[in-house]
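J.: How does the following fold in three dimensions:
(one chain, ligands or ions: 1)
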Amino acid sequence: MSRTRIKICGLTRPEDVRAAVNAGADAVGFVFYPPSPRNLSVKRAAELAAQLPPFVSAVGLFVNPVPTFINEVLSAVPLQLLQFHGEETNAECDRYRMPWIKAARMRPGVDLLEFALSYPGASGILLDAFVDGYGGGGKTFDWSLIPAGLDRPIILSGGLAPENVQEAVRCVRPWAVDVSSGVEAAKGIKDADKIAAFVAGVRDADG
Ligand SMILES: O=C(O)c1ccccc1N[C@@H]1O[C@H](COP(=O)(O)O)[C@@H](O)[C@H]1O
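T.: Below is the predicted model:
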């Protein structure tokens, strides 16, 4: 069994990028969604991305973006992956010649297998709790809603934290986990100790 990949999302400060890298994160997420308290300017994201060492990926998070905005971001920020959280269609996500993942907003009644079929271009499906707004709400969902037989890697998110990530990884065995609120001291401000504890929890569960 391969180790669970870890993404720390919603970084806004150089010291938070350092904390994620030093803790052993595989990826960091930059939010390009103005209503979010974690939203970044393109310039700020470029500065943070420049801090990343080789083999730590930069992921850009978008919610119903206009194509010109993504192209503007891509011309300035070296992103390896796009993460879509809105009502984007498969064709809209597919137009950037970049790998991308699509968030499914999990609640009872969601047909995840059908959802995945409608996003054939997604290289993974990110599972987040259904919240008001589009994500980053720090809310868990019922992991028993995840069906067996999904044909894509699962990125588990939604309310993960140092306190529950071990149980989450043992229960779901996702390809990767993604966290934002659960490793914060305040909205948009990460806590280095929480990031380290989160990564340690994942590694414990990996065994
Ligand atoms: O982080 C945000 O502000 C955000 C805004 C809009 C859509 C998604 C957002 N974050 C992502 O939401 C999930 C769950 O986050 P949390 O750990 O429950 O806070 C995660 O994938 C974030 O990347």
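J.: ok, so what distance separates the residue most central in space within the chain from the ligand?
T.: The C-alpha lying nearest the average C-alpha coordinate of the chain belongs to residue 178 (C-alpha atoms, centre = their mean; 4.5 Å). Taking C-beta to the nearest ligand atom, to the nearest Å as the criterion, residue 178 is separated from the ligand by 4 Å. The way it works is simple: take the backbone N, C-alpha and C, and place the C-beta from them, glycine included.
J.: for that residue, what are its contacts?
T.: Applying C-beta atoms under 8 Å, 6 or more residues apart in numbering to residue 178 gives the contacts 7, 9, 29, 126, 155, 156, 157, 160.
J.: likewise residue 60?
T.: Contacts here follow C-beta under 8 Å, 6+ apart; on that basis residue 60 touches 29, 30, 32, 45, 70, 73, 74, 77, 79, 81, 82, 83.
J.: filter the residues you listed down to the ones close to the ligand.
T.: The overlap between the contacts of residue 60 and the neighbourhood of the ligand (criterion: C-beta under 6 Å from any ligand atom) consists of residue 29.
J.: and residue 13, how many neighbours does it have?
T.: Residues near residue 13, counting by other C-beta atoms under 10 Å, number 13.
J.: and of the contacts of residue 60, the nearest to the ligand?
T.: Minimum separation from the ligand among those (C-beta to the nearest ligand atom) is found for residue 29, which lies at 5.1 Å.
J.: partner residues bridging that closest one?
T.: Here residue 29 sits in beta bridges with residue 9, residue 59, going by DSSP bridges.
J.: thinking again about what came up before, and the residue nearest to the centre of the chain, which helix or strand is it part of?
T.: Assigning secondary structure by DSSP states H and E places residue 178 in strand 176-179.
J.: Please name the residues that touch the nearest residue to residue 105 once chain neighbours are set aside.
T.: The shortest distance from residue 105 to any non-neighbouring residue, by C-beta to C-beta, 6 or more residues apart in numbering, is to residue 130 (4.2 Å). Under the criterion of C-beta under 8 Å, 6+ apart, the contact list for residue 130 reads 105, 106, 107, 110, 141.
J.: Distance from the longest helix belonging to the chain to the middle of the chain?
T.: Scanning the chain for the helix with the most residues, using DSSP state H, yields helix 192-206. What separates the centre of helix 192-206 from the centre of its chain is 16 Å, taken as C-alpha atoms, centre = their mean, to the nearest Å.
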